[in-house]
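**Q** I would like the atomic coordinates for the input below:
(4 chains)
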Amino acid sequence: MTELFMLIAAKYNYCLYVILMMIGLYAMIAKNNLMKKLVGMNIFQTAIILFYVSIGFKHNATIPIIMGDHGHGGHGAAINAADYMNPLPHVLMLTAIVVSVATLGVAMALCVKVYQRYQTLEEDELRMRLSEKIKL
Amino acid sequence: MKLLSLIVVCLTGGLLLYGTADLPDWGDPNAPASLHLSNYYIENAIRDTEVPNLVTAVLADYRSIDTMLETAVVFCAGLACFLLLRDFTPKKDHHYRHVPTGVILHVKNPDRQVIVGNEFEDMDKEWLPPDTIIKTVCRMLIPFIQIYALYVVAHGDFSPGGGFQGGVILGSSFILLAISYNLKYLLKRVSEKFLGILSAAGVLVYMGIGLAAMVLGGNFLDYEKYAPIFGEHHIRALGMLGVEIGVGMSVTAVMVIIYINIVSEGKHDEGL
Amino acid sequence: MYWSINLVILIFVIVCALGAIYVKDLLATAILFGAYSFMMCLLWAIMGAVDVAFTEASVGAGVSTVFFVAAVFRTSRRTKD
Amino acid sequence: MIHYPAIVVIAPLVGALIAGILSFVEERYAYPAALIATGISCAAAVRDLIYVAGHGPIAYHMGGWAPPMGIEYRIDTLNAMVLVLITAIAFLNLAASWPNIKQEMPDRSPSFYAMYLLFVVGLTGVASTGDLFNLYVLIEITSLSSYTMIALGDRDRGPISALNYVFVGVIGASFYLLGVGYIYIKTGTLNMAEFATMIPTLQDSTTILTAFILCIVGVFIKMALFPLHVWLPNAYSYAPVGFARIVAPLMTKVMVYVMVRLMITVFGLDYIFIKLHIADTLVWLGTIAILAGGVMALAQTNLKKMLAYIIVCEIGYMVGGAWLGNDLGLTGAVLHILNDGLMTFALFLAVGNMVYKLDRVQIKDLKGLFAKMPWTMTGFVLAAFSIVGVPPTCGFFSKWYLILGAFKAGAWHFAAALIISSLICAVLFFKVFEVCFFESPDTHDGHGSDTHGRHTTVAIQEAPAISLAVLGIAGISLIVVGMYSKTIVVRLIWPLLSS
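**A** Now for the predicted structure:
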């Protein structure tokens, strides 16, 4: 049992991002209101960003900004890679956050347009009004 | 329906949890992720680009095509909100408030314009009493937000920050102006045409820097090729600064475009 | 030292996420969604991703909450479930 | 220094930005700017193809950095061919759909062209990038621009189908991003070629297995394979015609190209077919997709919905063919990307002309269309023959390779599904022809047949000349590609599989 606990303790960050992702996925599928689905979508995307950022983390390492004497043309003391965090996941996640905001903005515009046409954002009322429209 | 989705979600969750068993431990320095590529970045970024902030160095120089496509995504979102929501039908009725007496005029036909001078004040349908505290505080606050935003854009090389964050802060200062006063007040100062052109111009600045490198003989977005023009010293840092400014321009304009179109449903008359 | 702060913040994050989904009123969802983004920004600042935390704070907590409230202003505020 | 790989992607982006600015400044020049941009991109893609066919793959280092550090655009025969397909269809479609867009959205057509060009940027980028994360950003550009353009179509159903597409598309793209994360955590690199060299040492780690499953599921969702196709029929049938003509032939086919790229270069054929045992289940999935797509298409009354379900059926061909496990099947799948793109483009061109004139696409409203629109219908018939698989047209040859591959791999169910679906397509299209050809057009409905088929002389209300010209080009290209399919296969596809 302790081996399992050690396994979980060593990688608890990766287990927790799965829980967040599942909350987001559940909200996207099961929620009735379109805006709630949008919140679920954003939680889903932020959970993946959490996974990426926890890849770049190193114990007792500082933030990936090289300050002080190394700064002038690199002739300073040799930079030891172990005491700086991994910059690459941070770069990827800057892009992913801005993509999720852009998608959120477009989806919001679509929600407003749906509300303009059908005066509701509830999935079941929408389905009813859609089927009514076909009959007439 | 809810139970079915719960089962699906737990199933995928279980599969992913099973997948995490083989992952390297969280945060140990010699996990494969932080050995191969990132060590190169940490050790050589200073020598290649003289930019202390590694994230900006990788963002704007090693993987600069990523960031350009990223700015194209932001431009696409701004264009999308313009395309989807903007409707150009003129508004039928207008509300004017006579400032000295507080009488409200409700002008029905659109061609009878009332000059919005010192006496008459233009206002939205859901008229809110003019809250002087919010207006004065915001009027004082906004210039400092904008200066801070420009600092964030310019200082991306040394401290955490850069084009995206600075652009969003600058955009939110305009949004604050629209919230504290009303949307027409903002649109008088920042017209929709200016925002549309600014958002496209930002990405064009980014692209121009890349294409000029191509004309000068290097590959696309290769800042090294500017050396004969701008001198050898700090050439990549200069290239990155130019790119960050382009990103900041387009992100600012797009955030304001999205806000204006969502809040006024495309009619650009009344807002939050 | 990281271990404990991380866990506390992660619990806050999950509570905000569940709250944002289950609360009935959309404006409350918007505020909880902003809190969720802010908690994520704290989490990333602790994990050393300073640029990402800055972006998430300004973009996630800042602008998307404004878009959310603007969209709720233009649509309805009550939700059934 | 050949810059063509960069020009193919950059030209539409410059065009999109200039069209974006022009839509505020000078609305008249937005359309010509868009035309020039796609023209340049198409010329650069053709130059690419000629160069690659001659001298082997190009590796274009973006920003001057070597591959693992910087991003690299690798162009080999496979994606040179797909790039030419994308840019040619983009250019022709832009020329043909000018009247349609003017009719559907008179007040905002310049910005529509800017969004259209962004969609082309995304597609060309997806087809030419050699970096895993860059592929995700490009998929985001394609999906973001297709969400908006789908919502601009039908006033009532457009936004809802676009919103459903947003939710499904985000789940698909995020699964792909998660797969790339699992790859990165295990190997530390994002470059496809470099990851392929690392795969042999990590063959049996579960992380790489989960990474593969996540990437493939993400691509399947974006590709609308059968169980995950729910968003496609609504999205494509309620989209504006000008846009449906480019998203229908290209979006799903480019995703099939991404799947083939993941199979061949990223994960490597031996890892997939020897290590994993999911090849035959995926062939079964392809078979089910073919049959279900065909059956559902039979039940449709709306012509556009019927074509959308035929796309779902075609995707089943390609997925099944690619996973057969032998080179014949893979050749068939890759050739089918090219052929199916052309066929669907020609079909939607014809449908676009009909919608331009009739504005209703229920099958029962298409009475007497042969008389009214002879040229459009000939194009439609040619494309229909190609989908069914009549020899001179290109559809037959790719189906031929797929069936050969199926026999060689002993996948009888797949071969049977191929033949049955050809029959189903035949039934589908003859149902449409019967309505268009034999029922007389303008008699009051109901007992129109008492004039026992006397053809009243009906005024020919043809679609505008430009659309007909493009339809003609598409039709001729169907036959030409059919004729030259042998050379295409030998020169382009086999060197790829041998490596």
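
**Q** residue boundaries of the helices in chain A?
**A** A:2-10, A:12-30, A:34-55, A:87-118, A:123-135 (DSSP state H).

**Q** tell me which of those helices lies nearest to residue C:26.
**A** helix A:34-55 (5.6 Å; Cβ to Cβ). Quick note: C-beta positions are derived from backbone N, CA and C, even for glycine.

**Q** and that closest one, how far from the chain's centre?
**A** 3 Å (Cα atoms, centre = their mean, to the nearest Å).

**Q** then stretch D:162-171?
**A** How far stretch D:162-171 lies from its chain's middle: 18 Å, per Cα atoms, centre = their mean.

**Q** circling back to that earlier point, could you dump the helices of chain A into a markdown table with mean pLDDT and mean neighbour count added?
**A** As requested, those are exported to a markdown table (pLDDT from 0 to 100; neighbours: other Cβ atoms under 10 Å in any protein chain shown):
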| stretch | mean pLDDT | mean neighbour count |
| --- | --- | --- |
| helix A:2-10 | 66 | 11 |
| helix A:12-30 | 87 | 22 |
| helix A:34-55 | 92 | 25 |
| helix A:87-118 | 92 | 25 |
| helix A:123-135 | 80 | 12 |
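
**Q** residue D:21 is nearest to which of these?
**A** Residue D:21 sits nearest to helix A:87-118 of all those, at 19.8 Å, using Cβ to Cβ.

**Q** between helix A:34-55 and that closest one, find me the angle.
**A** 180 degrees (axes from the mean of the first three to the mean of the last three Cα atoms, to 10 degrees).

**Q** show me where chain C has its helices.
**A** C:2-22, C:26-46, C:50-55, C:65-74.

**Q** so, in contact with chain D or not, the third one?
**A** No - with Cβ under 8 Å from any Cβ of the partner chain as the threshold, helix C:50-55 lies outside contact range of chain D, at a closest distance of 14.2 Å.

**Q** pull that helix out as CSV, backbone CA atoms only.
**A** C-alpha atoms of helix C:50-55 as CSV (Å, rounded to 0.1, in the frame of the first residue of the first chain):
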residue,chain,number,x,y,z
VAL,C,50,5.9,33.4,-14.0
ASP,C,51,5.1,34.4,-17.6
VAL,C,52,2.2,32.0,-17.8
ALA,C,53,0.9,33.2,-14.4
PHE,C,54,1.0,36.8,-15.6
THR,C,55,-0.8,35.9,-18.8
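
**Q** which strands and helices sit next to that helix?
**A** Helices and strands touching helix C:50-55, by 3 or more Cβ pairs under 8 Å, 6 or more residues apart in numbering or on different chains; DSSP states H and E, are helix A:87-118, helix B:163-180, helix C:26-46.

**Q** what distance separates the first one from the middle of the whole chain?
**A** Average the C-alpha atoms of helix A:87-118, do the same for its chain, and the two points are 11 Å apart (Cα atoms, centre = their mean).

**Q** just the helices of chain C: most buried one?
**A** helix C:50-55 (a mean of 25; mean count of other Cβ atoms under 10 Å in any protein chain shown).

**Q** residue B:105: what secondary structure?
**A** When classified by DSSP: H, G, I helix; E, B strand; the rest coil, residue B:105 comes out as strand.

**Q** report the beta-bridge partners for it.
**A** Beta-bridge partners recorded for residue B:105 (DSSP bridges): residue B:96.

**Q** wait, isn't residue D:83 in contact with residue D:8?
**A** Yes - counting by Cβ atoms under 8 Å, residue D:83 touches residue D:8, with 5.8 Å between them.

**Q** what is in contact with these two at once?
**A** Contact criterion Cβ atoms under 8 Å, 6 or more residues apart in numbering or on different chains; residues shared by residue D:83 and residue D:8: D:45, D:48, D:124, D:128.

**Q** for the second one, report the pLDDT, please.
**A** Read that as residue D:48. pLDDT, residue D:48: 86.

**Q** next: residue B:73.
**A** In this prediction, residue B:73 carries a pLDDT score of 94.

**Q** surely it meets residue D:137?
**A** Yes - at 6.8 Å, residue B:73 and residue D:137 qualify as touching, with contact defined as Cβ under 8 Å.

**Q** tell me, what's touching those two both at once?
**A** By Cβ under 8 Å, 6+ apart, the residues touching both residue B:73 and residue D:137 are residue A:99.

**Q** more neighbours: the two, which one.
**A** The residue with more neighbours, out of residue B:73 and residue D:137, is residue D:137; 28 against 23, by other Cβ atoms under 10 Å in any protein chain shown.

**Q** element containing that one, please.
**A** If you go by DSSP states H and E, residue D:137 is part of helix D:132-151.

**Q** helices or strands up against that helix?
**A** By 3+ Cβ pairs under 8 Å, 6+ apart, helix D:132-151 packs against helix A:87-118, helix B:64-85, helix D:109-128, helix D:158-187, helix D:231-237, helix D:241-261.

**Q** which of the helices of chain A sits closest to residue B:272?
**A** helix A:87-118 (13.2 Å).

**Q** from chain A, how far out is residue D:473?
**A** 34 Å (Cβ to the nearest Cβ, to the nearest Å).

**Q** just the buried residues of stretch D:45-57, please?
**A** D:45, D:46, D:47, D:48, D:49, D:51, D:52, D:57 (16 or more other Cβ atoms under 10 Å in any protein chain shown).

**Q** tilt between the helix or strand the fifth one falls within and helix D:109-128?
**A** When you say that, I think you mean residue D:49. Per DSSP H and E, residue D:49 falls inside helix D:30-55. Here helix D:30-55 runs at an angle of 10 degrees relative to helix D:109-128 (the same axes, to 10 degrees).

**Q** hmm, helix D:30-55 touching chain B?
**A** No - judged by Cβ under 8 Å from any Cβ, helix D:30-55 stays clear of chain B, getting no closer than 11.6 Å.

**Q** so what does that helix touch, helix or strand wise?
**A** Against helix D:30-55 (3+ Cβ pairs under 8 Å, 6+ apart) you get helix D:4-22, strand D:58-61, helix D:77-96, helix D:109-128.

**Q** now tell me what touches the next helix-or-strand element following the shortest one from outside.
**A** When you say that, I think you mean strand D:58-61. The helix or strand immediately downstream of strand D:58-61 is strand D:72-75, counting by DSSP H and E. Strand D:72-75 has contacts (Cβ under 8 Å, 6+ apart) with D:5-6, D:9, D:48, D:52, D:57-62, D:83, D:128-131, D:191-193, D:265.

**Q** then stretch D:254-266?
**A** Residues contacting stretch D:254-266 (Cβ under 8 Å, 6+ apart): D:74, D:78-79, D:82, D:86, D:123, D:126-127, D:132, D:135, D:139, D:142, D:192-193, D:195-196, D:215-216, D:219-220, D:222-223, D:269, D:272, D:315, D:318-319, D:322, D:330, D:333-334, D:337, D:496-497.

**Q** cool, stretch A:107-114 as well?
**A** Under Cβ under 8 Å, 6+ apart, the answer for stretch A:107-114 is A:34-35, A:38, A:41, A:121, A:126, B:80-81, B:84-85, B:258, B:261-262, B:265, C:67-68, C:70-71, C:74-75, D:147, D:151, D:159-160, D:162-163, D:166.

**Q** report the backbone C-alpha coordinates of it in PDB.
**A** Taking Å, rounded to 0.1, in the frame of the first residue of the first chain, the C-alpha atoms of stretch A:107-114 are listed here in PDB:
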ATOM      1  CA  ALA A 107     -18.100  31.100 -28.600                       C
ATOM      2  CA  MET A 108     -19.500  34.000 -26.600                       C
ATOM      3  CA  ALA A 109     -20.300  35.800 -29.900                       C
ATOM      4  CA  LEU A 110     -22.100  32.700 -31.100                       C
ATOM      5  CA  CYS A 111     -24.100  32.400 -27.800                       C
ATOM      6  CA  VAL A 112     -25.300  36.000 -28.200                       C
ATOM      7  CA  LYS A 113     -26.300  35.300 -31.700                       C
ATOM      8  CA  VAL A 114     -28.200  32.200 -30.700                       C
END
